[in-house]
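Visitor: Have a look at this fold, sequence not included:
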C-alpha cells in the first residue's frame, strides 16, 4: 500500500514540476526517519534547507550538502524565498519566455510582406528576415509568430 501511495505522490510531484531530480542526494536524517518529510518534494527539501540555516543556525555549506544542493543553489533558493515566499521555491521552466528574436520591427516587416505577397512561405519569410535584419530564425518560429499575431485582438 505504501508503494502505491509513494508512486501516486511521485506522479503528482512530477506533474506539478516539483519532483526533486536527485532525491538520493538528500542525506539529512529528517528525510529518512519518517513519512512526513519527502526527499522527492523539492519545495519541501529547499524550505527545510533554508529553515535549517535560518532557525537552527547550521552552516550554509553543511545544510546545502545535507539537502543535496550546492552553496550557490542555497543562495538562489534563499533569494527566491525572500522575494516570493514558498512560490519562489517552485522550479521555473527553463528556456526563453518569449519569441526574443521577433522584435516589433521584424513583426511589422513580416506583416507588410504578407500583405504585398501573401503566397510567401515561412521559409521565404525567414530568409528575408535574415537578409534585412541579420537575424537567423527558423521557418517554424515564423509560423508561430504569425499565429500569435493573429490571436492578438487589434
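Guide: Alright, I've got the coordinates. Just so it is clear, the model here is predicted, and its values are computed rather than measured.
Visitor: Give me the domain ranges for the chain.
Guide: Per automatic domain parsing, the domain ranges recorded for the chain read 2-89, 104-148.
Visitor: Give me the distance from the last one to the chain's centre.
Guide: Shown here is domain 104-148, whose average C-alpha point lies 28 Å from the average C-alpha point of the whole chain (Cα atoms, centre = their mean, to the nearest Å).
Visitor: Kindly check the end-to-end length of that domain for me.
Guide: Across its full length, domain 104-148 reaches 13 Å between end residues, using Cα to Cα, to the nearest Å.
Visitor: tell me the mean pLDDT over that domain?
Guide: Across domain 104-148, pLDDT averages out at 90.
Visitor: Same check on stretch 58-74?
Guide: Throughout stretch 58-74, pLDDT has a mean value of 96.
Visitor: What residues of that stretch count as buried?
Guide: With burial defined by 16 or more other Cβ atoms under 10 Å, the residues of stretch 58-74 counted as buried are 58, 63, 64, 65, 66, 67, 68, 69, 74. For every residue, glycine as well, the C-beta is placed using N, CA and C.
Visitor: Could you check how far the residue located most distally from the centre of the chain is from residue 11?
Guide: Relative to the mean C-alpha coordinate of the chain, counting by Cα atoms, centre = their mean, the farthest residue is residue 116 (39.4 Å). According to Cβ to Cβ, to the nearest Å, residue 116 and residue 11 sit 52 Å apart.
Visitor: Appreciated, that's everything.
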